[in-house]
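Visitor: Need coordinates for the following:
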Amino acid sequence: MVQEQYVTTTQGSGSPQPLPDHVYKIGIYGWRKRCLYLFVLLLIVILVVNFALTIWILRVMWFNSEGMGLLQVHSEGVKLEDGESEFLFPLYAQEIHSREELPLIMRSSENVSLNARDENGDVTGRISVGPREAQGHAPNLLIAAPNEHMLFSADGEQAAIGPDKLRVTGPEGALFQHSVEVPLLKSELFKDLKLECPTRSVSLDAPKGVHLKALAGNIEAASNMDVLLQSREGLLVLDAETVRMPSLPLSKEGVSGNSQGLYEVCVCPSGKLFLSKAGRTSTCSDNQDC
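Guide: Next comes the predicted model:
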């Protein structure tokens, strides 16, 4: 080690004086100097490792002057030229569109969710597509064609279908749990139209009348119980070339006893058809309705 000694001399005397007893050392010596060198060496190693890790991350993530790998950052937004992109956390974007002439595909192992929020951050609408079902939560649902024509609309009170024709292709038809109001109900060409209620009754109500027409076939009505044809203020008209009632019970002439429960079918010259209670003293010609 270097030691500096201060030697005092007197003027006019060239002979050195004897060395003093005290020696002062300047600098860091001993174990302190070794620790300082070790700390500097450790700091240099850490800097080299950090620099190597930074270079490795840049090469793995494909950072460049335009962005990160295939993901390029422009003034208009972020653009993915080729390949696929995976987002591990929520993505906030004003507009997402695919490349020209290519579809936009979103894949997820669980579900894909789209949320719309207001200025307070509350969710106002949500669409979630999962592996088993798709759910949508919104006050109103509107599906429109490219020409802005409404195809389907639904809210909390009603649902409206815009196209002129609603087609149900399921083998079981359409199932309605409540009433249905339609201006026209018809089947496809060369197929039958069937209204069926397996456990309850079918009711057709119209204030201005119910019309059943078969232009090229028959109209059949079959019932396990009674068939009631009732007209409160009008006539019951059977307008046909032949009217047959093959299953009416026939009464025998001159049968004595009680004829209660037996009726006769009478036809007036005017064409009216009525039922008359069977009896010995009354005939169809005696009816006043004719």
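Visitor: surely residue 136 meets residue 116?
Guide: No: because the distance of 11.1 Å does not satisfy Cβ atoms under 8 Å, residue 136 is recorded as not touching residue 116. No exception for glycine: its C-beta is placed from N, CA and C like everyone else's.
Visitor: which residues of this protein fall in strands?
Guide: Under the criterion DSSP state E, the chain contains strands at 67-68, 71-73, 78-80, 112-117, 123-129, 134-137, 141-144, 150-154, 159-161, 263-267, 273-277.
Visitor: Give me the contact list for the first one.
Guide: The one in question is strand 67-68. Strand 67-68 is contacted from outside by 61-62, 73, 78, using Cβ atoms under 8 Å, 6 or more residues apart in numbering.
Visitor: Just the mean pLDDT for stretch 204-213, thanks.
Guide: Throughout stretch 204-213, pLDDT has a mean value of 82.
Visitor: now do stretch 106-125
Guide: Averaged across stretch 106-125, pLDDT comes to 84.
Visitor: for the stretch 1-150 of the chain, which spans come out with low pLDDT?
Guide: Scanning the stretch 1-150 of the chain for pLDDT under 70 picks out the ranges 1-28, 69.
Visitor: run the last query once more with 50
Guide: 1-10 (pLDDT under 50).
Visitor: so where do the helices sit in it?
Guide: The residue ranges that make up the helices of the stretch 1-150 of the chain, judged by DSSP state H, counting those that start in this stretch, are 31-60.
Visitor: who touches both of residue 136 and residue 116?
Guide: When contacts are counted by Cβ under 8 Å, 6+ apart, residue 136 and residue 116 have 125-126 as shared neighbours.
Visitor: Can you tell me how far the nearest residue to residue 145 once chain neighbours are set aside is from residue 226?
Guide: Spatial nearest neighbour of residue 145, excluding adjacent residues (Cβ to Cβ, 6 or more residues apart in numbering): residue 151 at 5.7 Å. As judged by Cβ to Cβ, to the nearest Å, residue 151 and residue 226 stand 46 Å apart.
Visitor: Among those two, which residue is more densely surrounded?
Guide: For residue 151 and residue 226, the more surrounded residue by other Cβ atoms under 10 Å is residue 151, and the numbers stand at 12 against 5.
Visitor: hang on, the more buried one packs against residue 162?
Guide: Yes: shown here, residue 151 and residue 162 form a contact pair, counting by Cβ under 8 Å, at 4.8 Å.
Visitor: want to throw the contacts of strand 67-68 into TSV with neighbour count?
Guide: Shown next, in TSV, are the contacts of strand 67-68 (neighbours: other Cβ atoms under 10 Å):
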residue	neighbour count
61	11
62	11
73	12
78	13
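Visitor: With respect to residue 36, which of these is nearest?
Guide: Using Cβ to Cβ, residue 61 comes nearest to residue 36 of these, at 37.6 Å.
Visitor: Which strand residues bridge the closest residue to that closest one other than its chain neighbours?
Guide: Across the structure, with Cβ to Cβ, 6+ apart as the measure, the residue nearest residue 61 apart from its sequence neighbours is residue 68 (5.7 Å). Residue 68 forms beta bridges with residue 63, residue 71, as assigned by DSSP bridges.
Visitor: Tell me how many other residues surround residue 68.
Guide: Burial of residue 68, expressed as a neighbour count using other Cβ under 10 Å, amounts to 13.
Visitor: now do residue 128
Guide: By other Cβ under 10 Å, the residues close to residue 128 number 15.
Visitor: That one touches residue 111, doesn't it?
Guide: Yes: shown here, residue 128 and residue 111 form a contact pair, counting by Cβ under 8 Å, at 5.4 Å.
Visitor: Next one: the residue nearest to residue 61 relative to residue 54, how far apart?
Guide: As judged by Cβ to Cβ, residue 68 and residue 54 stand 15 Å apart.
Visitor: can you check residue 114 too?
Guide: Distance from residue 114 to residue 54, counting by Cβ to Cβ: 37 Å.
Visitor: ok, now residue 109?
Guide: Counting by Cβ to Cβ, the gap from residue 109 to residue 54 is 32 Å.
Visitor: Cool, thanks, talk later.
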